[in-house]
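with the sequence up front, the predicted model follows.
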Amino acid sequence: MIIGSLCFCCACGCLESVAGGQDAGFGEVAGEEPASFMLSDAMASLDAGIADSLFSYSGYSLYTVIGSGVGRDGAAESWSFLIVPEGEGRARLLTLSGNGWQDAAWPEEPVNGTEFCCTGEILMPDELFAQNRGVIEEMMTDNGVDTTDIELAGGVYHVLPGTTGDMRKLRFDARTGEPLQ
């Protein structure tokens with residue numbers, strides 16, 4: 001549902017670039033492959049953007065993370081964060097891609113209830129992909145894709161073969177990396 005909503009927001013153009021966003025993210029060089037980066041780098045860029053007053057809030061609670069175009073090494077072409085800024089009651093969707101940051105109001109409360117993600121207690125996607133390389137590569141090969149999409153919500157990673165293939169979803173415990181049924 002979140003991935004579908006994110007696709008809708010991107011398609012209808014309801015995401016706006018943050019002023020100065022290019023300086024806060026990672027740039028893309030014309031004629032080259034799209035930039036990809038690890039979740040830890042995206043999180044560091046988000047924290048730096050907050051410290052540099054790129055965003056109008058001083059902290060946040062993180063509820064969902066979505067990586068699009070995730071390669072076999074766990075690096076993604078974009079990372080989206082569903083957050084609730086400190087002192088605000090409304091959720092925001094922040095997306096970092098090669099074009100910098102996009103910031104949009106999220107029309108709903110986070111769908112996974114009151115549980116927020118504590119990134120200090122989970123495996124990063126590169127660690128998850130390394131630990132489960134066989135099953136993830138099998139899914140990618142079976143679906144004929146080079147990248148996947150990944151979602152972290154409620155302590156569970158959901159790995160999908162993008163928008164193609166049989167849409168078989170792999171689920172993993174975000175803390176241990178163990179497959180879930």
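That came through fine. Since the model is a prediction, treat every value here as computed from it, not as a measurement.

which positions within stretch 38-47 qualify as buried?
For stretch 38-47, burial by neighbour count (16 or more other C-beta atoms under 10 Å) applies to 38-39, 41-43, 45-46. Quick note: C-beta positions are derived from backbone N, CA and C, even for glycine.

just stretch 155-173 next, same as before
157-162, 170, 172.

which of those residues lies closest to Asn132?
Phe172 (6.4 Å; C-beta to C-beta).

and the two most separated of the buried residues of stretch 38-47?
Distance extremes for the buried residues of stretch 38-47: the farthest pair is Met38 and Leu46 at 12.8 Å, using C-beta to C-beta.

what's in contact with the longest helix along the chain?
Longest helix in the chain, counting residues (DSSP state H): helix 39-51. Under the contact criterion C-beta atoms under 8 Å, 6 or more residues apart in numbering, helix 39-51 has outside partners 18, 24-26, 55, 57-60, 65, 67, 74, 76, 79, 81, 94, 96, 101, 119, 124-126.

on that earlier part again, need the max-distance pair from the buried residues of stretch 155-173.
Gly162 and Phe172 (17.4 Å).

which stretches in the chain count as strands?
Using DSSP state E, the strands assigned to the chain run over residues 16-17, 60-70, 78-85, 92-97, 100-105, 148-153, 156-160, 170-173, 179-180.

list the buried residues in the fifth one.
Going back to what we said before, that points to strand 100-105. Across strand 100-105, burial judged by 16+ other C-beta under 10 Å covers 100-104.

what of stretch 83-95?
Going by neighbour count (16+ other C-beta under 10 Å), the buried part of stretch 83-95 is 83-85, 91-95.

what's the first-to-last distance across it?
This stretch, stretch 83-95, spans 11 Å end to end (C-alpha to C-alpha, to the nearest Å).

from the chain's centroid, how far away is it?
On the basis of C-alpha atoms, centre = their mean, to the nearest Å, stretch 83-95 sits 15 Å off its chain's mean C-alpha point.

check stretch 159-178 too.
Relative to its chain's centre, stretch 159-178 lies at 14 Å (C-alpha atoms, centre = their mean).

just the C-alphas of it, formatted as PDB.
The C-alpha trace of stretch 159-178 is given here as PDB (Å, rounded to 0.1, in the frame of the first residue of the first chain):
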ATOM      1  CA  VAL A 159      11.900  -7.300  -0.600                       C
ATOM      2  CA  LEU A 160      10.000  -7.200  -4.000                       C
ATOM      3  CA  PRO A 161      11.200  -7.700  -7.500                       C
ATOM      4  CA  GLY A 162      10.100  -4.200  -8.500                       C
ATOM      5  CA  THR A 163       7.000  -3.800 -10.600                       C
ATOM      6  CA  THR A 164       7.600  -6.800 -12.800                       C
ATOM      7  CA  GLY A 165       7.500 -10.500 -12.300                       C
ATOM      8  CA  ASP A 166       5.300 -12.500 -10.000                       C
ATOM      9  CA  MET A 167       5.500  -9.900  -7.200                       C
ATOM     10  CA  ARG A 168       6.600 -12.600  -4.800                       C
ATOM     11  CA  LYS A 169       7.600 -10.800  -1.600                       C
ATOM     12  CA  LEU A 170      10.400 -11.900   0.600                       C
ATOM     13  CA  ARG A 171      10.200 -11.000   4.300                       C
ATOM     14  CA  PHE A 172      13.000 -10.800   6.800                       C
ATOM     15  CA  ASP A 173      13.300  -9.900  10.400                       C
ATOM     16  CA  ALA A 174      15.000  -6.500  10.300                       C
ATOM     17  CA  ARG A 175      17.100  -7.200  13.500                       C
ATOM     18  CA  THR A 176      18.400 -10.600  12.700                       C
ATOM     19  CA  GLY A 177      18.000 -10.900   8.900                       C
ATOM     20  CA  GLU A 178      16.200 -14.300   9.400                       C
END
